[in-house]
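Undergrad: Would you be able to build a 3D model of this:
(2 chains)
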Amino acid sequence: MKHINFIPFLLSALAFTACSDNDTLDTNLPEAEYGSPNEWYYAGGKLGTTNIQSAYAYRQATAAVDEAGLSLNFQIGESLFEKDYNTTNDAFAGLGPVYVRRGCLYCHPNYGHGKRQKAYRADQDGNGYLLVVYDKKTNAYIYSVAGMPQTKAVKPFKPQIDESKIVITWKDYTDEWGNKFPDGESYSLSYPEVTIPADAYYSPVTVKRDGKMVVIPSDQVASEIGVRLESTIGIYGTGLTDAIPDDSITAEWKRQSAYFNSVGKTNALNPAYWDQNTNEWVSYYVNNAGDKKKYVRRYTYAMSRGPILDAAGANAIWNITNVTRPDRRYHYLSLDGTIYAKSSMEDPDVQAGFPEYIKSIDPNNAHPSWHTADVKQNIYNYLMAKDLDPEMSSSQYKNFMIWHRGLAVPAARNTTTDRFKQGMKLFKEIGCANCHRPSWTTGDDDIQDPNGIFTNSDMPRYPHQKIWPYTDFVQHRLFMENDIRTGWCRTTPLWGRGLSKLCTGAEDRLHDCRARNTMEAIMWHGNAKSDARYAIEKFRKLTKEQRDNIIFFVESI
Amino acid sequence: MNKIFKYSMMFAAALTFTMSFTSCDNDDNDEHVGTFGESTLKEVNSSYVDNTIVATYRNLADYNKQLVADINAMSNDAGVQKACETWKQSRKWWEFSEAFLFGAAGDYALDPHTDTWPFDKKQFESYMKLYKDLQLGGEGEENELATNNINDAITNGQNLTGFHAVEYLIFRDGKARHFADLTSNEIYFAKAAAQDLYLSSLKLVSAWGGKVSADEQALLDEVEFASAINYGKNFKNAGNAGSTYSTVVLASKEIIAGANDIIGEVRDSKIGAPATGEDINYIESPHARNSIQDFYDNIMSVKHAIYGGCTVDGTTPNAKSLIGVCLTNSKTKAAAENVMTNLENALSKIDGMKKPFVLYYSDQTAKDAMEALDGLEESLNALNDLLD
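TA: Numbers count the residues shown, from 1 in each chain, chains lettered A, B, ... in the order given. Have a look, this model is predicted:
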């Protein structure tokens, strides 16, 4: 193995000096500053990169999976990701009573980014959208639906939102440059506007203002309640980014904080998380039901999550389908905790169907409080129960998380070409790399699990790897039309995205899939107030060949 | 997934940089002369699309069409038996397609839609109970509403559709059900599920650039299906502008990637999960007791993919297949022969598994099959490393 590793290193150095397929391209990239083609190739480091660059590129296991002897677990975990859940008592059971999707692939088509949709349908493959329903006055989620609202239900229960009434309208957008570069090349921009009428909500629309629950009258829902879409991103490589030390991410925030302070931009970092005055975190990720430790935030657009073993995937395999497991023996329901249960217990249709439903769920009356003479109370007791029978075993959950942490990153393509090198050089020079930070180095990768379930021996690990995710793990603002809720969005990793068309049949980008290709994604960064404005101004001044080379680079990494 | 790529990954890096050193090549285009001339692999890729992928999907569609006809014609036990036989044939052609689930099968979710498992019996029984006093497919407002709900559940609810839906309706304990045991609503459900299967297979044929009849095109038009990508053309056009495959050899390697994907799934999920005790619920096709045949046909799919065509069952690969051309090249000959040996061994070991799998999943023969599949995957990885 050492011999094989050595060969590309030597040859890459030679290739670096000997090859130039286009003398007009400026490809002088000092290795100390940019790294080497050999490093760029291994986007996920030696332990986390797959050389598969085909339609199967996003679903490969890392070498660390095999080295840890976890290949079988990985494959079984993969089936838990790929299969739909259902209401039988057989395999993949436990769907409902309300749910966001039947399975994972709907949102993660072929493991990749969600696809732009014209309508919101939970059963539509490729619909990676989650509905973000919020109070326009506070920017906080509404409390009468789940944080990820459930538009599907198992009878007799009813969805929190009737998805047939959700309307997505795509609107054309013209930027201040008329969607055109100085040399005449043009591009298109469009963005979604989403409406949900008051009668689509199952429960009274309820928000929290000044510490009190407030029901929004039906005739005010349109003006008081906002709706946004947030799409899934690719899930490969999240095990590698989990291996970056907390201290390294903190150092990046400190570096940026100091920089922004030095240029007088004192509101550049999300004040909910970081204090630019003191250069310190003001909020960590803490699992109060777990180890209560403070972890640096690193996952989701909102940076709502810390370590991967207690992040989006660990959560989604429970709450997207509402499939319980030993550490989650309760349902995912409305954000306040009780509104959905109260609406259901008062619903005559639910009352009528509940006895038969609960008989199939609990045929041996193991939970007496679900079978009393009071049907209303039974419904409430069942929905609010904290002692539900686990539907996914701890062993299955472990296999799922092995798979999750074991997904490899596709190797970068075209790394020895001049176009790649010039694209990389320009990517840095015009400022893209300030936020899309190219590389990180993982630490010892001692497993961090706020739930205390997994340890080092359970998981594939990635110690001391140089990886190339192209993100700073910092939130910035682009000030786009109909922007993401709060306006703050974590810089999305760019690695592997150039294979999206091949792997998924689509290449939509950005949080709501508003960009249909890389160019559109870049130009959505250009708002006058955007943190990326400087880079876009520079991008506009490049020649078409230079712009194309940046895109070539972005689609190769 | 593929189990082992740590070595191949490093080889690939070495090859990439070797190419850079010797030819200053830009791997964005396909000018390099590798193990094979570009035209050789183009022929392999072209034959793979026309004679394996499209031909398999066409056969699948034809059998699905027959399945619809057989279910429509069921009026006695012999009729159900005939439908069951056709189901097995159709199922075989689906399994034959599992070495190339990339492209339309994944992008349009036709794979999960066709092969969703398990069938949601509880939800199904709930529908049957709800509509027991109505006539699915019948006239009148109530009947039509119920029929629409069932059609919608089959079209959009993936746990109530596909092969395993039809299987549950017409099979029990490995045998055809008695016609008298089937309610008219169950028969309607079976018809609708079979029709949906047929439609899905037509989508696959069409998306890969295969021919569909005018009647079939009308069915596709009715659901407004027109693939955004001609997957067959895209594959054949590898290395040229507009193709998602930047090089010809990358497309050829897709043949191996597709094969390895199903080999890993059969080894670890379909056989491995129950055989190792990791998840004994994971046994597909239990009602038809067709599991081992499914495994065998999956590996036959691998054979078709790398030997060429879609009916090859002997030991001689087609001349323009991936293995066929590898046998003619001194660099790849031994690796190709090794693949052939491992392929025959895997088929033999699966054939030797104790049947039915639903009863004998922990038998030693299942573990032997897993080991043979491991060998097959390793041999394909070795061949993959030699393609450049």
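
Undergrad: What are the boundaries of the helices in the stretch 401-550 of chain A?
TA: For the stretch 401-550 of chain A, the helices defined by DSSP state H, counting those that start in this stretch occupy A:418-429, A:432-435, A:500-504, A:518-523, A:533-541, A:544-554.

Undergrad: tell me the most buried of these?
TA: Using mean count of other CB atoms under 10 Å in any protein chain shown, the stretch among the helices of the stretch 401-550 of chain A with the largest mean neighbour count is helix A:500-504, at a mean of 25. C-beta: built from backbone N, CA, C; applies to glycine.

Undergrad: Am I right that residue B:204 is in contact with residue B:58?
TA: No. Judged on CB atoms under 8 Å, residue B:204 makes no contact with residue B:58 at a distance of 9.2 Å.

Undergrad: Comparing the two, which residue is more hemmed in?
TA: The residue with the greater number of neighbours, taking residue B:204 and residue B:58 and applying other CB atoms under 10 Å in any protein chain shown, is residue B:204; the counts read 27 against 20.

Undergrad: Against chain A, how distant is the more buried one?
TA: Counting by CB to the nearest CB, to the nearest Å, the gap from residue B:204 to chain A is 13 Å.

Undergrad: The closest residue to residue A:197 other than its chain neighbours: how many residues sit nearby?
TA: For residue A:197, ignoring the flanking residues on the chain, the nearest one in space by CB to CB, 6 or more residues apart in numbering or on different chains is residue A:165 at 5.5 Å. Number of residues near residue A:165 (other CB under 10 Å) recorded here: 15.

Undergrad: closest point of the stretch 301-450 of chain A to chain B, which residue?
TA: In the stretch 301-450 of chain A, the residue found nearest to chain B is residue A:416; the distance is 4.0 Å by CB to the nearest CB.

Undergrad: Against residue A:27, how distant is that residue?
TA: 10 Å (CB to CB, to the nearest Å).

Undergrad: Spell out which parts of the stretch 251-388 of chain B neighbour chain A.
TA: Selection of the stretch 251-388 of chain B residues close to chain A by CB under 8 Å from any CB of the partner chain yields B:253-254, B:257-258, B:260-261, B:264-265, B:267-269, B:272-273, B:276, B:278-279, B:281-282.

Undergrad: among those, which are in helices?
TA: Secondary structure defined by DSSP state H assigns B:253-254, B:257-258, B:260-261, B:264, B:273 of these to helices.

Undergrad: Looks like residue B:70 contacts residue B:79 (just checking).
TA: Yes. Applying CB under 8 Å as the test, residue B:70 and residue B:79 come out as touching, 7.2 Å apart.

Undergrad: Compare these two and say which is more crowded by neighbours.
TA: Taking neighbours as other CB under 10 Å, residue B:70 and residue B:79 compare with residue B:70 leading, 23 against 17.

Undergrad: how far is the helix or strand hosting the more buried one from where the chain is centred?
TA: Take DSSP states H and E as the rule and residue B:70 turns out to sit in helix B:55-73. With CA atoms, centre = their mean, to the nearest Å as the basis, the distance from the averaged C-alpha position of helix B:55-73 to the chain average is 15 Å.

Undergrad: Just the residues contacting it, thanks.
TA: Helix B:55-73 is touched from outside by B:79, B:82-83, B:86-87, B:89-90, B:93-94, B:96-97, B:100, B:166, B:170, B:187, B:190-191, B:194-195, B:197-198, B:201-202, B:204-205, B:208, B:210-212, B:216, B:301, B:304, B:309-310, with contacts defined as CB atoms under 8 Å, 6 or more residues apart in numbering or on different chains.

Undergrad: where's residue B:323 relative to chain A, distance?
TA: Looking at residue B:323 against chain A, where the rule is CB to the nearest CB, the gap reads 18 Å.

Undergrad: For that residue, list the residues it contacts.
TA: B:306-308, B:317, B:336, B:339-340.

Undergrad: Reformat those into TSV and put pLDDT next to each item.
TA: Conversion of these to TSV gives the following (pLDDT from 0 to 100):
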residue	pLDDT
B:306	98
B:307	98
B:308	97
B:317	95
B:336	98
B:339	98
B:340	98
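
Undergrad: ok, so of those residues, who is nearest chain A?
TA: The nearest member of the contacts of residue B:323 to chain A, counting by CB to the nearest CB, is residue B:306 at 14.8 Å.

Undergrad: The closest one touches residue B:322, doesn't it?
TA: Yes. The pair residue B:306 and residue B:322 passes the contact test of CB under 8 Å, sitting 4.8 Å apart.

Undergrad: so what's in contact with these two at the same time?
TA: With CB under 8 Å, 6+ apart applied, the overlap between the contact sets of residue B:306 and residue B:322 consists of B:255-256.

Undergrad: What ranges does the stretch 151-300 of chain A have for its helices?
TA: Across the stretch 151-300 of chain A, reading from the start of the chain, the helices by DSSP H, counting those that start in this stretch fall at A:218-224, A:238-242, A:246-262.

Undergrad: looking just at contacts, which helices and strands does the second one meet?
TA: Read it as helix A:238-242. In this structure, helix A:238-242 packs against helix A:45-48, helix A:394-405, with contacts taken as 3 or more CB pairs under 8 Å, 6 or more residues apart in numbering or on different chains; DSSP states H and E.

Undergrad: What would that helix look like as CSV? C-alpha coordinates only.
TA: C-alpha atoms of helix A:238-242 as CSV (Å, rounded to 0.1, in the frame of the first residue of the first chain):
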residue,chain,number,x,y,z
THR,A,238,-20.6,13.8,6.5
GLY,A,239,-18.6,11.3,8.5
LEU,A,240,-15.4,13.1,7.4
THR,A,241,-16.6,16.5,8.4
ASP,A,242,-17.6,15.1,11.7
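
Undergrad: Give the helix, strand or coil label for residue 355.
TA: No chain specified, so I'll use chain A. Taken by DSSP: H, G, I helix; E, B strand; the rest coil, the conformation at residue A:355 corresponds to helix.

Undergrad: Now that it has come up, it's in contact with residue A:375, right?
TA: Yes. Because the distance of 6.8 Å satisfies CB under 8 Å, residue A:355 is recorded as touching residue A:375.

Undergrad: Those two - which one has more neighbours?
TA: Taking neighbours as other CB under 10 Å, residue A:355 and residue A:375 compare with residue A:375 leading, 16 against 13.
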